[in-house]
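K.L.:
I'll drop the sequence and a predicted model, then ask my questions.
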Amino acid sequence: VNMATAAARQQPAIIPLQPRGTRTPIYAVPGHVGAPFTFSDLSKHLGGDQPFYALQPSGFDGQSEPMDRVEDVAEYFARQIVEYRPTGPYIIAGYCSGAATALELAKILRQRGAEIPCLALFGPLHPTTYGESPRLLYFLAKRSADSFLRDIAKLPTFGARLRHFSGRLRNLGERVRTVVTPVGKSKEPVTTDPLLASRARLRSTALTALRRYVPTPYSGRICIFLPNRAWMRSGAAPHRWLRAVPQAEFYFG
């Protein structure tokens, strides 16, 4: 484990959540906030024989600058994966807005001769939704409302619930402003913390990159995992991936 962890440290994009095991390793792209530990629970549930690596984008560490093209982020990941593990096979995964980068990453690795048994996308957000503000606002509002109802039920007093509601409302307002701001003009909250400022730039740049991205065909196996069948009609518009990958397999639950 120590050798694997030390090797991964030489590749800043590779975060070894579970480096042990004999199964085909998984390399997973997080959503637009870039948090690699999004996948911590999943890596644990897959067991001790499943190597699992999260991919950390440039800009998340506060020392580097974010990239504003999905293709460039995918190339950044591909180069380090090959340096870390020169031969495949690799399983590539992507979550939410990270699905676009995962798709491009799988293409690059296949073009360079690597075997990709599966490209797994979890709740993939289709890029076209960022050109449709009303649709995306509905999606964000519904997701926030579901989370809010779960959280508020745990609070003991009316005052605590009111304070929680006010905080969530402010947070939703910030997210809405980020969504509807035109490309290249996203505004993030001002902060004096260098790391937080860097991650705010990463979020803004990642959303700009996603808005610009147009998916193109991919001929390998692709599996799309959604919470339920109703998610097909959600603001994430996962069915639109079928335009580029008509052979995609859908799994629910």
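P.N.:
That came through fine.
K.L.:
any low-confidence regions in the protein?
P.N.:
Applying pLDDT under 70 to the chain flags the ranges 1-10, 131-148, 164-165, 168-192.
K.L.:
Which residue lies nearest the spatial centre of it?
P.N.:
G31 (2.1 Å; CA atoms, centre = their mean).
K.L.:
Can you report phi and psi for that residue?
P.N.:
phi -70, psi -170 (degrees, to the nearest 10).
K.L.:
and the nearest residue to it once chain neighbours are set aside, how many neighbours does it have?
P.N.:
Sequence neighbours aside, C96 is the residue nearest to G31 in space, at 3.8 Å (criterion: CB to CB, 6 or more residues apart in numbering). Any C-beta I mention is one placed from the backbone N, CA and C, and that applies to glycine too. Residues near C96, counting by other CB atoms under 10 Å, number 19.
K.L.:
these two touch, right, C96 and H126?
P.N.:
No: if you go by CB atoms under 8 Å, C96 and H126 don't touch, sitting 10.6 Å apart.
K.L.:
Show me the common contact partners of these two, please.
P.N.:
A236 (CB atoms under 8 Å, 6 or more residues apart in numbering).
K.L.:
circling back: any idea how far the residue nearest to G31 lies from G253?
P.N.:
Relative to G253, C96 is positioned 18 Å away (CB to CB, to the nearest Å).
K.L.:
Report the separation between F158 and R233.
P.N.:
Taking CB to CB, one finds F158 at 35 Å from R233.
K.L.:
For the stretch 101-250 of the chain, just list every one of the strands.
P.N.:
119-122, 222-226, 249-252 (DSSP state E, counting those that start in this stretch).
K.L.:
Of those, flag the one that's most buried.
P.N.:
strand 119-122 (a mean of 24; mean count of other CB atoms under 10 Å).
K.L.:
tell me the contacts of the residue nearest to G31?
P.N.:
Applying CB under 8 Å, 6+ apart to C96 gives the contacts 30-32, 122-125, 236.
K.L.:
Of these, which is the nearest to D72?
P.N.:
Top of the list for closeness to D72, among these and by CB to CB, is H32 at 14.9 Å.
K.L.:
And for that closest one, the neighbour number?
P.N.:
H32 sits with 23 neighbouring residues when counted by other CB under 10 Å.
K.L.:
Please apply the same query to R161.
P.N.:
Count around R161 with other CB under 10 Å applied: 16.
K.L.:
That one and R150, how far apart?
P.N.:
Counting by CB to CB, the gap from R161 to R150 is 13 Å.
K.L.:
which neighbours do these two share?
P.N.:
With CB under 8 Å, 6+ apart, R161 and R150 have no common neighbours.
K.L.:
give the contact list for I222.
P.N.:
I222 touches 103, 118-121, 241, 245, 247-249, counting by CB under 8 Å, 6+ apart.
K.L.:
got CSV for these, with distance to L202 too?
P.N.:
Listed next are the contacts of I222 as CSV, based on distance: CB to CB, whole Å:
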residue, distance to L202
L103, 20
C118, 27
L119, 23
A120, 23
L121, 21
W241, 24
V245, 27
Q247, 32
A248, 28
E249, 31
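K.L.:
between the residues you listed, which is closest to A206?
P.N.:
L103 (14.9 Å).
K.L.:
Count residues in the vicinity of the closest one, would you?
P.N.:
Using other CB under 10 Å, L103 has 28 neighbouring residues.
K.L.:
Just to check, it is in contact with Y218?
P.N.:
Yes: L103 lies in contact with Y218 (CB under 8 Å); the separation is 5.9 Å.
K.L.:
and for these two, which residues touch both?
P.N.:
By CB under 8 Å, 6+ apart, the residues touching both L103 and Y218 are 119, 244-245.
K.L.:
circling back: which one, of the strands of the stretch 101-250 of the chain, ends up nearest to V82?
P.N.:
Here strand 119-122 is closest among those (CB to CB), at 16.8 Å.
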